[in-house]
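> model this:
(chains A, B and C)
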Amino acid sequence: MSATGSDAIREPALVRYSAIAVAIAFLGLSVVVPLASVLVQAFGQGAGRFLAALREPETWAAIRLTLLTAAISVPLNTAFGVAAAWLIARYDFRGKGVLTTLIDLPFSISPVIAGLIFVLLFGRQGLFGPLLEAHDVQIIFAVPGIVLATTFVTLPFVAREVLPLMQSQGSNEEEAALTLGASGWQVFFRVTLPKIRFGLVTGVILCNARAMGEFGAVSVVSGHVRGLTNTMPLQVEILYNEYNLVGAFSVASLLTLLAMVTLVAKKLLERSKAVRR
Amino acid sequence: MSALPFTRRAGVLPGYGLSLGITLFTVCLMVLLPLTALIVKASGVDWSDFSTSITGPRARAAFALSVGASLAAALVNGVFGTLVAWVLVRYRFFGRRVLDALVDLPFALPTAVAGIALATVYGQDGWLGSLLEPHGISVAYTRLGVTVALVFVGLPFVVRTVEPVLHELDPKVEEAAATLGASRVATFFRVIFPTFAPALLTGVSLAFARGLGEYGSIIFISGNMPLRTEIVPLLIVTKLEQYDYAGATAVAVVMLAVSFALLLLVNLFQARVRRARGLR
Amino acid sequence: MKPLALLFALAGTAALADTTLLNVSYDPTRELYQDVNAAFAKAWKAKTGETVTINQSHGGSGKQARAVIDGLEADVATLALGYDVDALHQKGKLIPADWQKRLPNQSAPYTSTIVFVVRKGNPKQIHDWDDLLKPGVLVVTPNPKTSGGARWNYLAAWGSALRKNGGDEAKARDFVTQLYRQVPILDSGARGATTTFGQRNIGHVLLAWENEAFLLTQELGKDRFEIITPSVSILAEPPVTVVDRYADKHGTRKVAQAYLDFLYTPEGQAIVAKHHFRPRTGAQPERPQLFTIDEVFGGWTKAQQTHFADRGVFDQIYEGGK
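Next up, the predicted model:
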């Protein structure tokens, strides 16, 4: 079956099937096999060991901290992403290229550096260190630092997904709605939001996946205090380093499963959208 | 285009002030401020010391490896990522949804886990390593291994940037090309490819830029041998180990400048393409 | 609901505690300090009636020291190398310069040494340092630029070669250069190297802390590995200190001090021995002959400068320069 009906724009069956085969083989080798090895190590000794590993108090604390971090940074980045995409897609102004690039930058900053910059800002010897120390405010090596580093690393995800959609869709419908007397917020919620829903959901899901999975940057600002400032990825490393392979890969599998759940949610949303059409 | 920064052309759409406010506030707080801290710190470095430390044979080998492997991985992802995106958008087949879900997983897996998993799978006793090793192909602890890890890390960037554009592609254009007698291959390269080429370029550059900075997944599979499999972020970590914050940030600033220049070029190029097509 | 209840129970104990200490330590001491913490809390309760909870943080020694300098408010630091504790004074002004003199035995309540781990039956017949250079022997050791444990390995090799060659620096350098030619992989941390050797079956001999070697054989199978003690090795002295600035800020100096003193008591020393660190009191194994870093290298700062700094001896070994 092809997505489009016309024969003129279909590839021959041979081409289609080999393309599918190559795509599956490529994803299989680069993603499925490593992932399968994680799952095998987690469940290899039975689901009971898997569940027991997740019941460890330190692991539970890590799961809770990871969910908290994602719950703060994902909504922030969603609001930011939509505002930034609207700004860049709808208006012309000088410095747009630089602004877009600055938004992209956290994508490409080495996680090692991403953690380091928050140490340079809020560390005891950093720019704001003396100020924070005077007021006894703890940012890095505490939850706020972890949230900040995560927000930084995941900043571009929503903007990057929504922006191309807004750019390719243009703003005729919004302008028409305004002419018909709709208020700005009405236009946003009734016209724009439904139009960008596909990209927005993808962005939120990617943002969430990365927020929960970020390792490098968080590792620098966490302080690794057991039961207090370890996130799930850090807990994975700790368990692995303690020769607790089942525990390590159980937490890793749980992270993967959490990502899968969000992906399924996305699929359901897309389907409801398709039905409405 | 108007003369002052952040002043706009007249238009009817509301929300300029609000969106500008939110965006600038966040970018200043979350991106500019941290980067300023980085640059302030790096300015404290002894630059002659720094230049010898980044032009030494080890540093040069590390830069060559980081750039080379990231580029190779980005190109591999460019080709296969496009194929995956095409297959996901255009064809309906059993398991398509699963395939679609798998693309995002490299984002979700902590990089350290990815590195451990890859090193296990491609090690001499691993599932794939034990198949490749007899043919004289070593992946783990070689430059090839670094590239494999970067392909894993960069894949979602290419697929997820190209996919929406393919989605939006109007089949009527292709039908018109076919009606006018163009072969399917010609239609692909002359009609379809130019449409998603800018998105592909963005995806490949993002994958490349991300590859330059990747640390967690690589250190497990590279073996970290000086002159052979040592990457640039490892140089930063070794400087930190000596409490040399200034030196570490100096290397970081160099990497950052490369990423920024690359992304800026891509964004400016894309803006030109859009303007040429009459979009904003 | 059971896991949730556990979580609340955990939060509950933390809230009820009179005093909380944070011990920032390095990687292989987790099990050791878990036992020490429980024993100390009990002893402290019996003595003063106060409840004390000790939080633990573990990681690479250098990374942990940097975290403390940058504001991780540790009441006590128990690290792998004197160099890293020195940094708390030099870079962070958190402790006085004479920190090492404040507790017995240069503030190191336990020691360790560097030993070899080989595969069962010792197929390559490795018994001492010279055997490591036999043709075809692959040696697994982590990267001294990123791992504290790896620096002990390197210095143990260098020092033992000096001993064998009557103090000839050039011969020691040749030995170490040749040794690192036979190292196929430089993992970034000690546990990474252990995994490479133990689980990926790479290399014939692993250089490791003595306590790590015991832990490896316990965790990955006693029937798969043997521990070989060389005739000469280094005396690794992982130091401990109260972090004055933070302890004073928290008002925990007294209990922090008591916590470190506890490590020197017979009870503390027994726990140390149980975890395969070498206690300061009691009988010591005959092998190996141990030399200290002060005797051979003139202290950590000097050793770090000469061997591990940028363009130091370790870099020269790889760059082939002079």
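
> OK, contacts around residue C:173?
Remark: with contacts taken as Cβ atoms under 8 Å, 6 or more residues apart in numbering or on different chains, residue C:173 is in contact with C:158, C:313, C:317. In short, each C-beta sits where N, CA and C put it, glycine included.

> any idea how far residue C:174 is from the second one?
According to Cβ to Cβ, to the nearest Å, residue C:313 and residue C:174 sit 12 Å apart.

> repeat that for the first one.
As defined by Cβ to Cβ, residue C:158 lies at a distance of 11 Å from residue C:174.

> compare the two and say which is more crowded by neighbours.
Neighbour tally, residue C:158 and residue C:174, criterion other Cβ atoms under 10 Å in any protein chain shown: the higher count belongs to residue C:158, 23 against 14.

> how about the contacts made by the residue of the stretch 151-300 of chain C found nearest chain B?
Residue of the stretch 151-300 of chain C nearest chain B, by Cβ to the nearest Cβ: residue C:185 (4.0 Å). Going by Cβ under 8 Å, 6+ apart, residue C:185 touches B:141, B:223, B:224, B:225, C:140, C:193, C:196, C:202, C:203.

> kindly report the same for residue C:282.
Counting by Cβ under 8 Å, 6+ apart, residue C:282 has contacts C:269, C:273.

> please identify the buried residues of stretch B:143-151?
Under the neighbour-count criterion of 16 or more other Cβ atoms under 10 Å in any protein chain shown, stretch B:143-151 has B:143, B:144, B:145, B:146, B:147, B:148, B:149, B:150, B:151 buried.

> and which of those is nearest residue C:83?
Distance to residue C:83, by Cβ to Cβ, is smallest for residue B:146 among the buried residues of stretch B:143-151, at 30.4 Å.

> among the contacts of residue C:185, which ones are in strands?
Of these, the ones assigned to strands by DSSP state E are residue C:140.

> with respect to chain A, which of the contacts of residue C:185 is nearest?
Proximity of the contacts of residue C:185 to chain A, judged by Cβ to the nearest Cβ, is greatest for residue C:193, which lies at 11.7 Å.

> per-residue confidence at that closest one?
Here, the pLDDT recorded for residue C:193 equals 90.

> go ahead and confirm residue B:214 touches residue B:151.
No: applying Cβ atoms under 8 Å as the test, residue B:214 and residue B:151 come out as separate, 11.0 Å apart.

> near chain C, which residues of the stretch 51-200 of chain A are found?
A:54-55, A:57, A:60-61, A:64, A:119, A:122-126, A:129, A:133, A:138, A:140-141 (Cβ under 8 Å from any Cβ of the partner chain).

> buried subset of those?
Among those, those classed as buried by 16+ other Cβ under 10 Å are A:54, A:60-61, A:119, A:122-126, A:129, A:138, A:140-141.

> how close does the residue positioned nearest the centre of chain A get to chain B?
In chain A, the C-alpha nearest the mean C-alpha coordinate belongs to residue A:207, at 1.9 Å (Cα atoms, centre = their mean). Distance of residue A:207 to chain B, computed by Cβ to the nearest Cβ, to the nearest Å: 9 Å.

> are we agreed that that residue is in a helix?
Yes: counting by DSSP: H, G, I helix; E, B strand; the rest coil, residue A:207 is located in a helix.

> please enumerate the helices of the stretch 101-250 of chain B.
Remark: helices assigned in the stretch 101-250 of chain B by DSSP state H, counting those that start in this stretch are B:105-108, B:111-122, B:129-132, B:143-168, B:171-179, B:184-187, B:193-213, B:218-222, B:232-241, B:245-276.

> take these and write them to TSV, including distance to residue A:107 and mean pLDDT.
What follows is the helices of the stretch 101-250 of chain B, written out as TSV (distance: least, Cβ to Cβ, whole Å; pLDDT from 0 to 100):
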stretch	distance to residue A:107	mean pLDDT
helix B:105-108	11	78
helix B:111-122	14	86
helix B:129-132	31	89
helix B:143-168	8	89
helix B:171-179	31	85
helix B:184-187	33	84
helix B:193-213	6	87
helix B:218-222	17	88
helix B:232-241	15	86
helix B:245-276	8	84
